[in-house]
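J.: I'll drop the sequence and a predicted model, then ask my questions.
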Amino acid sequence: MSGDSTVPGVLADPCVVAENVAMKYKVISTEEQAKTPSLGWKFLRRIKPNPNTVTVNALNELSLIVRRGESVGVIGRNGSGKSTLMKLVSGQVRPTSGAIHATSTPIMLGVNAALVPELAGDQNVILGGLAMGLTMEEIEARFDEIVEVSGLEKSIHLPMKSYSSGMGARLRFAIAACGNPEILLVDEALNTGDAQFAARSKRRMDELREKAGCVLLVSHSLTTIKDMTGRVVWLDKGDLIMDGEPKEVTKKYMEFTKLLAKGNNNSAFELRAELRSSLEMVNVVNAPESSRSAQVVR
């Protein structure tokens, strides 16, 4: 599978525009209480039941444009803002500042996609299809394709609670992709270790992009990212570090993580600062109105 995942002649108007988007959360912190001796801490909890709140910058201000026909990978260490970005694009949460615009409603596929474990796979296909707005006739027409993409074969008739995590992830992808969404968001659902499924999902994603769609894929597997995307965005601690060719971005990311693993933190963060300073800022002011008219955030 090639890392060149753009479709000639399709790249044109944007599908998704993230305009100066940032996300902050206020969360409870017990740091001050933890500094207090044990007995004092217990007493403090009685007289001060509400711990201090702190602000967490899940995603610092950034702008991105994802165009039709693109498959964009999102990488970064845990806690870097990858899933936060996907939730913002999907409209699950409202950004603290900035706005997300899209030409249609993005379909979010995550490892925790809500299906019913007690029901069989084929029954969940119906539920998932209806949730995406498909009719029973459309679901029936695409049922065999969904089973083929998932690779579940006869297991499709067994309860989902009997599935391995990989089997469940494959079914969720097959259901989400069957609706031919213009914008498909995939969060860690393709890391099943199944080579045949990787080939099938890659083929299905290519078909979506050929129909002028786009895909955003979050994954810790750099092999998956290089195989299935034509562009990679690297986030770290809420900051956008790089945005470019998969081979180049993953190479620098691996260099960064290896330096951290060896304890060379100064060298790692010098590299991070150098890459971030050379990042070209995206100007979304002149983005076509068609991509800015439908705000996803609600």
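T.: All right, it came through fine. Numbering: from 1, shown residues only.

J.: mind listing the helices for the stretch 51-200 of the chain?
T.: Counting by DSSP state H, counting those that start in this stretch, one finds helices in the stretch 51-200 of the chain at the ranges 82-90, 121-131, 136-150, 165-178, 195-210.

J.: Make CSV out of these and add distance to R67, mean neighbour count and mean pLDDT.
T.: For glycine as for every other residue, the C-beta is placed from the backbone atoms N, C-alpha and C. Below are those laid out as CSV (distance: least, CB to CB, whole Å; neighbours: other CB atoms under 10 Å; pLDDT from 0 to 100):
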stretch, distance to R67, mean neighbour count, mean pLDDT
helix 82-90, 14, 23, 92
helix 121-131, 28, 19, 89
helix 136-150, 25, 16, 92
helix 165-178, 20, 23, 83
helix 195-210, 10, 17, 77
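
J.: I'd say M254 and T223 touch.
T.: No. The pair M254 / T223 is not scored as a contact, 11.6 Å apart, by CB atoms under 8 Å.

J.: Strands of this protein, residue ranges please.
T.: 14-29, 52-67, 71-75, 97-102, 107-110, 183-187, 214-218, 231-236, 239-244 (DSSP state E).

J.: Just the mean pLDDT for the second one, thanks.
T.: In this model, strand 52-67 carries a mean pLDDT of 90.

J.: Using CSV, list the CA coordinates for it.
T.: C-alpha atoms of strand 52-67 as CSV (Å, rounded to 0.1, in the frame of the first residue of the first chain):
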residue,chain,number,x,y,z
ASN,A,52,-8.9,23.7,43.5
THR,A,53,-9.8,23.9,39.8
VAL,A,54,-7.1,24.3,37.2
THR,A,55,-7.2,25.1,33.4
VAL,A,56,-5.9,22.5,31.0
ASN,A,57,-5.0,23.6,27.5
ALA,A,58,-6.1,20.5,25.6
LEU,A,59,-5.6,22.2,22.3
ASN,A,60,-3.8,25.5,21.6
GLU,A,61,-4.9,27.8,18.9
LEU,A,62,-4.4,26.3,15.4
SER,A,63,-5.9,26.5,11.9
LEU,A,64,-6.2,23.6,9.4
ILE,A,65,-7.7,23.1,6.0
VAL,A,66,-8.6,19.5,4.9
ARG,A,67,-9.5,19.4,1.2
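
J.: Buried ones in it, by neighbour count?
T.: 58-59, 61-67 (16 or more other CB atoms under 10 Å).

J.: give the contact list for the closest residue to N60 other than its chain neighbours.
T.: Setting aside the residues directly before and after it, N60 is nearest to G238 in space (CB to CB, 6 or more residues apart in numbering), at 4.4 Å. Going by CB atoms under 8 Å, 6 or more residues apart in numbering, G238 touches 57-60, 80-81.
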